[in-house]
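K.L.:
Model the structure of this input:
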Amino acid sequence: MAFNDLPIIDNPSINSEKSSIAFKILFSQSNGFISREDIPDKGCDFDVELILDGTLASNWRFAVQLKSVINPTFIQDGAFISYQFETSRLGYLINRKPAMGIIVLYSVTQEKMYYEYVDVIFNRLMEEKQNDTWKQNDTVSIKIPAANALDKEQMLNLHSRFKRIFENAGIMQASYGSKYNLPTVIDNSEEPTDFNNPNHVKKMLRSHGIALLSSNGLQMVLDLVSRLPMKDINSEKELQIVAAVTYCEAGRHAEASYYFERLRRRQDVSVEENETVIFAKLKNDMSLGKISIDEFSEKILQLRQGAEDTINGITLDINITHFNLIKLRILSSFNEPPSKIYDDIQTTFQKIKEVNAEPIVKAQLESWNTDNFSQYIAHVRGISYAENRVRESINQPLSLHEKKEYILKLDRLLKDFYGHLQSLEQASKDLNNLLLLSNVYSVYIRDSLSQEIDMISFYNDRPIEVQGRIARLKKNLGHAISAYKYYEEQSYFNDAYNLLCSAIDLIYILRDFFGSTDDLQYNVLNEAKEGYEREFDFSYNSPFPKLISSSKNTEIAQPTVRDYKEFNDEQIEFVSGLVLSSLKLPEDRLKNVINEFKAYRLFYTRCTNQALELIIYDPFRTEETRYSYPTQFVIQSRISGLKTPASTDMEELLRYWKL
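P.N.:
Here you go, the predicted model:
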């Protein structure tokens with residue numbers, strides 16, 4: 001370069017700086033990390049240390065290799081990003097024991113970061129290539145999951161995983177380090193726990209098993225229980241209880257049944273222990289189909305009687321309300337949920353505030369109760385939507401005052417509901433608890449799907465806030481995938497499967513209803529769902545494909561009584577009850593409402609002649625007298641004006657026209 005030539009700032013230099021800045025923002029002290037550039041760079045860009053409990057520098061460090069690319073190459077239906085990586089650098093990172101580290105890829109155009117664990121990349125390569133000849137090459141094509149986009153939630157995942165790695169490594173070295181001439185420090189205040197020593201495992205489960213299950217320790221407890229021979233578990237009551245509850249929560253109901261049966265034969269189970277055992281056994285029996293929902297509800301009501309407002313008592317309250325709401329849906333009740341259900345939900349919120357328990361336990365209870373609140377609101381909303389359509393069909397639309405009342409009521413309920421969710425989401429981040437965060441996301445997602453069912457069913461001809469809905473659905477899809485992965489990692493297989501199904505439902509709505517062309521990972525998720533169904537005998541039939549197909553293939557018009565042509569008796573009774581409730585009429589008039597709707601059905605089923613019209617003949621009908629006596633009809637020709645005598649018997653009227 002000549003004297004007056006200045007250095008050129010090229011694009012690779014700019015992109016490298018961008019990626020470094022983005023990385024440091026995410027791996028910051030506020031997110032629980034201390035990032036240091038590794039100088040000189042011999043295969044590792046950053047040395048990252050974990051901060052524990054928000055303020056404690058741990059000296060637990062892992063390596064990060066950061067790469068930037070202008071446009072990532074997506075493969076396998078968008079499930080992975082393919083990237084050519086230096087083989088020597090992968091080997092260098094593998095040698096960084098025990099945590100190894102991660103490879104981070106910065107997408108310049110997206111301004112987004114993706115990551116994968118070094119050990120996962122290595123194991124995937126070995127599995128796919130079935131040999132290690134690739135190690136002799138200068139580069140190798142690695143895969144980084146598209147779902148592993150770094151955000152606040154994934155930072156929690158990373159922190160949790162690396163913390164667990166270092167804790168386990170410390171236990172292993174304390175237990176076995178001296179045998180391999182590794183430095184060990186003996187702390188006489190506490191004997192190191194060796195998870196491969198059956199006596200240590202039994203001590204851990206005996207002391208902490210149930211407490212771990214109450215937080216986010218299912219995976220750990222399941223792993224520990226699996227290490228013990230059956231005879232060791234059956235030698236102690238406490239271990240049998242832990243094993244039974246653990247297998248039940250993990251969805252391994254047959255193994256749980258075995259231990260519940262063994263516990264049934266014992267005479268030394270305390271009252272408090274028995275509450276836990278009975279409740280878990282009832283859940284297990286219902287999952288196996290041994291008892292019905294009604295039997296389950298009846299038995300937990302009996303269990304709740306006389307119980308104090310402890311954690312167990314509040315858990316029973318939440319389950320009682322949950323199954324009351326399920327029964328309400330099964331019965332297709334046309335009335336709003338009883339006010340007692342709303343009162344019970346609010347009372348439970350208050351009990352949770354007052355109960356003496358750890359913050360994380362109280363937060364978990366609140367998340368379950370908030371899920372009940374969501375179901376309550378969904379029923380109120382569904383009834384209001386259905387009522388509006390039915391009233392329009394009989395030319396008795398809701399008045400402006402009635403509509404305003406519904407809007408204000410739903411608004412009050414939703415503000416309260418979202419207030420609980422936002423508080424819980426913040427608590428999960430403050431407590432650094434991914435189980436709670438996953439539970440909160442699950443409630444958000446179920447609420448979103450419930451709203452979409454109502455809007456597609458009742459208002460797909462009147463697009464409502466389309467862009468906002470699409471944005472929320474995409475956000476919830478990301479949450480569903482993250483929560484599913486966490487549940488799977490922690491062995492909450494029932495919850496993982498439910499979130500998989502929810503993610504696929506969200507894709508149906510985005511792709512088939514809104515026409516999204518984005519890559520939504522349908523094939524990857526559906527394959528995982530089918531894997532669960534093969535392994536655990538789970539099953540789920542989504543309502544969305546049929547609902548969306550029906551909404552697109554049917555020309556939606558102003559609702560009329562002609563719509564009831566396809567209704568069965570149960571649906572007629574539901575609609576009739578809705579009319580009775582909406583018009584605030586006495587219950588003894590229900591029979592006359594039902595007969596009127598059945599008359600509509602019969603007429604529009606048998607009469608295809610467009611020249612004939614069905615007319616209600618009731619010159620003296622008023623709002624007060626409506627349905628106090630059977631409805632009379634006439635069938636009239638639109639052409640000649642000829643009409644039948646008035647009658648309540650539709651068969652007789654149809655015969656008059658030879659129909």
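K.L.:
Which SSE is immediately downstream of the lowest-mean-pLDDT helix or strand in the chain?
P.N.:
Within the chain, no helix or strand scores below helix 198-214, which has a mean of 75 by mean pLDDT, DSSP states H and E. Helices and strands here follow DSSP states H and E; after helix 198-214, the next one along the chain is helix 218-227.
K.L.:
Point out the other helices and strands that that next one packs with.
P.N.:
helix 198-214, helix 237-249 (3 or more CB pairs under 8 Å, 6 or more residues apart in numbering; DSSP states H and E). Heads up, the C-betas are built off the backbone N, CA and C, glycines and all.
K.L.:
Tell me which residues of the shortest one come out buried.
P.N.:
Applying a neighbour-count criterion of 16 or more other CB atoms under 10 Å, one finds Lys237, Leu239, Gln240, Ile241, Val242, Ala243, Ala244, Val245, Thr246, Tyr247, Cys248, Glu249 buried in helix 237-249.
K.L.:
got the residues you listed as JSON lines, with pLDDT and distance to Tyr385 columns?
P.N.:
Listed next are the buried residues of helix 237-249 as JSON lines, based on pLDDT from 0 to 100; distance: CB to CB, whole Å:
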{"residue": "Lys237", "pLDDT": "88", "distance to Tyr385": "52"}
{"residue": "Leu239", "pLDDT": "90", "distance to Tyr385": "51"}
{"residue": "Gln240", "pLDDT": "90", "distance to Tyr385": "49"}
{"residue": "Ile241", "pLDDT": "89", "distance to Tyr385": "46"}
{"residue": "Val242", "pLDDT": "88", "distance to Tyr385": "46"}
{"residue": "Ala243", "pLDDT": "90", "distance to Tyr385": "47"}
{"residue": "Ala244", "pLDDT": "90", "distance to Tyr385": "43"}
{"residue": "Val245", "pLDDT": "88", "distance to Tyr385": "40"}
{"residue": "Thr246", "pLDDT": "87", "distance to Tyr385": "42"}
{"residue": "Tyr247", "pLDDT": "88", "distance to Tyr385": "42"}
{"residue": "Cys248", "pLDDT": "87", "distance to Tyr385": "37"}
{"residue": "Glu249", "pLDDT": "82", "distance to Tyr385": "36"}
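K.L.:
Would you tell me which one of those residues comes nearest to Ala79?
P.N.:
Minimum distance to Ala79 across the buried residues of helix 237-249 is 29.7 Å, recorded for Glu249 (CB to CB).
K.L.:
which element is Gln422 on?
P.N.:
helix 400-430.
K.L.:
so what does the very next helix or strand once past that helix touch, helix or strand wise?
P.N.:
Next helix or strand after helix 400-430 toward the C-terminus (DSSP H and E): helix 434-459. Applying 3+ CB pairs under 8 Å, 6+ apart, we find helix 434-459 packed against helix 152-176, helix 359-393, helix 400-430, helix 466-489, helix 493-508, helix 544-553.
K.L.:
Can you tell me how far the closest residue to Lys353 other than its chain neighbours is from Tyr492?
P.N.:
Nearest non-adjacent residue to Lys353, counting by CB to CB, 6 or more residues apart in numbering: Lys362, 7.7 Å away. Distance, Lys362 to Tyr492, by CB to CB, to the nearest Å: 20 Å.
K.L.:
Report whether the expected contact of Phe279 with Ile318 is present.
P.N.:
No: between Phe279 and Ile318 there is no contact under CB atoms under 8 Å: 11.2 Å.
K.L.:
higher neighbour count, those two?
P.N.:
Ile318 (23 against 20; other CB atoms under 10 Å).
K.L.:
Give the helix, strand or coil label for that one.
P.N.:
Secondary structure for Ile318, judged by DSSP: H, G, I helix; E, B strand; the rest coil, is helix.
K.L.:
Confirm that Gln636 sits in a helix.
P.N.:
No: using three-state DSSP, the assignment for Gln636 is strand, not a helix.
K.L.:
Give the burial count for the closest residue to it other than its chain neighbours, as a bare number.
P.N.:
The shortest distance from Gln636 to any non-neighbouring residue, by CB to CB, 6+ apart, is to Lys643 (3.7 Å). By the measure other CB under 10 Å, the count of residues near Lys643 is 17.
K.L.:
Provide the backbone phi and psi angles at Ile291.
P.N.:
Per-residue torsions, Ile291: phi -130, psi 160 (degrees, to the nearest 10).
K.L.:
I should have written Ile144 there, sorry.
P.N.:
phi -120, psi 120.
K.L.:
Over to Phe62?
P.N.:
Main-chain torsions, Phe62, degrees, to the nearest 10: phi -130, psi 160.
K.L.:
correct me, but it touches Val48?
P.N.:
Yes: assessed by CB under 8 Å, Phe62 is found in contact with Val48 at 5.6 Å.
K.L.:
so how far is the least confident helix or strand of the chain from its chain's centroid?
P.N.:
Relative to its parent chain, helix 198-214 has a centroid offset of 29 Å by CA atoms, centre = their mean, to the nearest Å.
K.L.:
Quick check: Ser297 is in a helix.
P.N.:
Yes: applying three-state DSSP, one finds Ser297 inside a helix.
K.L.:
Surely it is in contact with Phe323?
P.N.:
Yes: with contacts counted by CB under 8 Å, Ser297 reaches Phe323, the gap being 4.4 Å.
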